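> prediction below, plus the sequence it came from.
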Amino acid sequence: MKVVGIDEAGRGPVIGPMVMCGVMIEEGQEQELHALGVKDSKLLSPATRERIAKVLQEKYKFFTVVISPIEIDSVTGNGKNMNLNWLEAEKAVAIVNNLKPDKVIIDCPSPNLKAYTAFITERLDHKESRQVVCEHKADLNYVVVGAASVIAKVARDAEVEKLRAHVGVDFGSGYMADPKTKAFVEKYWNKHPEVFRHSWAPYKKLVAEMAGHQQKLV
C-alpha cells in the first residue's frame, strides 16, 4: 500500500509563501523514516532538517506546492466563501492526484475534521480507491507526515532566502512578532508590496498606521 503524508510550512507569517508537501512511502517503511531521524520539522534544527530533507528527496517520491502571498490574499480577508483552510484542502487534492497513493494522511488545519475530509475526498481522482485520514497534530503522530513537514519547511526557507536576496534586507522570520519583520514592514510596506500577505490583519493595521503617519507629514 502506498501512503502519502501531507503537511505545510509558513502558514502564519506576513512575508512570503506557504509551502505544502506530500511524501509517499510504501506501508512498512515508517521505520526507515524513524531511523533517519524524521520528526515534525519544528522539533529539528535547520541543519538537521536540511540533511534529512536531502535524503528524503533522493529516496522517496514527493510533490511540493508553493502558494504565493497573492494567492493567499485572493482567498482571505475578502468576504468570499473561502479561507486558507479550504485553499490548503484544494492544494492537498492536487498533491494526492499527482502522487496517486492508496492512503493519504493530512495534518488538518480545520477544526471540522469530518467536513475537511469530505471536501478532499469528493475532489480526488479515483476517490473510491483512496483512503483519506485528516487529523490534528498528524505531523507529530505519523512519521510520514513529519517527513512532509521537513521538506515543506526546507522548501519554505529556500523561498524566504530568495526573497531576502530580492529585497536586499534581512527581514527576520517574517512573523509580525519579530522586531526585524515589524521594522521591515514599517520601512518597506510600499516599496516591496509583492512579498507581503496584504490580507493579514496585523499587516493591514500597521500599514494603515504608517499611511496615516505619512499623511500627517505632508
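Great, that's in hand. Residues are numbered from 1 along each chain as shown.
> near the nearest residue to Leu33 once chain neighbours are set aside, how many other residues are there?
The shortest distance from Leu33 to any non-neighbouring residue, by Cβ to Cβ, 6 or more residues apart in numbering, is to Val143 (4.4 Å). No exception for glycine: its C-beta is placed from N, CA and C like everyone else's. Neighbour count for Val143, taken as other Cβ atoms under 10 Å: 22.
> can you tell me the closest non-neighbouring residue to Val93?
That would be Arg123: by Cβ to Cβ, 6+ apart, it lies 4.5 Å from Val93.
> now the strands for this protein?
For the chain, the strands defined by DSSP state E cover 2-9, 18-26, 61-67, 103-107, 131-135.
> which strands and helices sit next to the first one?
Okay, so that is strand 2-9. Counting contacts by 3 or more Cβ pairs under 8 Å, 6 or more residues apart in numbering; DSSP states H and E, strand 2-9 packs against strand 18-26, helix 84-99, strand 103-107, helix 138-141, helix 143-167.
> can you give me the buried ones in it?
By neighbour count on 16 or more other Cβ atoms under 10 Å, the buried set for strand 2-9 is Val3, Val4, Gly5, Ile6, Asp7, Glu8, Ala9.
> how about TSV for the helices and strands packed on strand 2-9, with distance to Ser129 added?
Below are these laid out as TSV (distance: least, Cβ to Cβ, whole Å):
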stretch	distance to Ser129
strand 18-26	15
helix 84-99	11
strand 103-107	10
helix 138-141	21
helix 143-167	19
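> for those, which one sits closest to Val55?
Val55 sits nearest to helix 143-167 of all those, at 9.8 Å, using Cβ to Cβ.
> tell me the domain boundaries of this protein?
Domain ranges of the chain: 2-164, 169-217, per automatic domain parsing.
> mean pLDDT added to these, as CSV?
Shown next, in CSV, are those (pLDDT from 0 to 100):
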stretch, mean pLDDT
domain 2-164, 95
domain 169-217, 86
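> hey, which of these is tucked in deepest?
Sort the domains of the chain by mean neighbour count, taking mean count of other Cβ atoms under 10 Å, and domain 2-164 sits at the top with a mean of 19.
> so how far is that domain off the chain centroid?
With Cα atoms, centre = their mean, to the nearest Å as the basis, domain 2-164 stands 7 Å off its chain's centre.
> endpoint to endpoint, it covers what distance?
One end of domain 2-164 to the other measures 38 Å (Cα to Cα, to the nearest Å).
> quick one: contacts for Glu186?
Glu186 makes contact with Leu206, Met210 under the criterion Cβ atoms under 8 Å, 6 or more residues apart in numbering.
> and it, how far from Ala118?
From Glu186 across to Ala118, the span is 43 Å (Cβ to Cβ, to the nearest Å).
> now swap in Val3 and tell me
For Val3, the distance to Ala118 - Cβ to Cβ - is 20 Å.
> tell me how far the residue nearest to Val93 lies from Asn112.
From Arg123 to Asn112 the distance is 16 Å (Cβ to Cβ).
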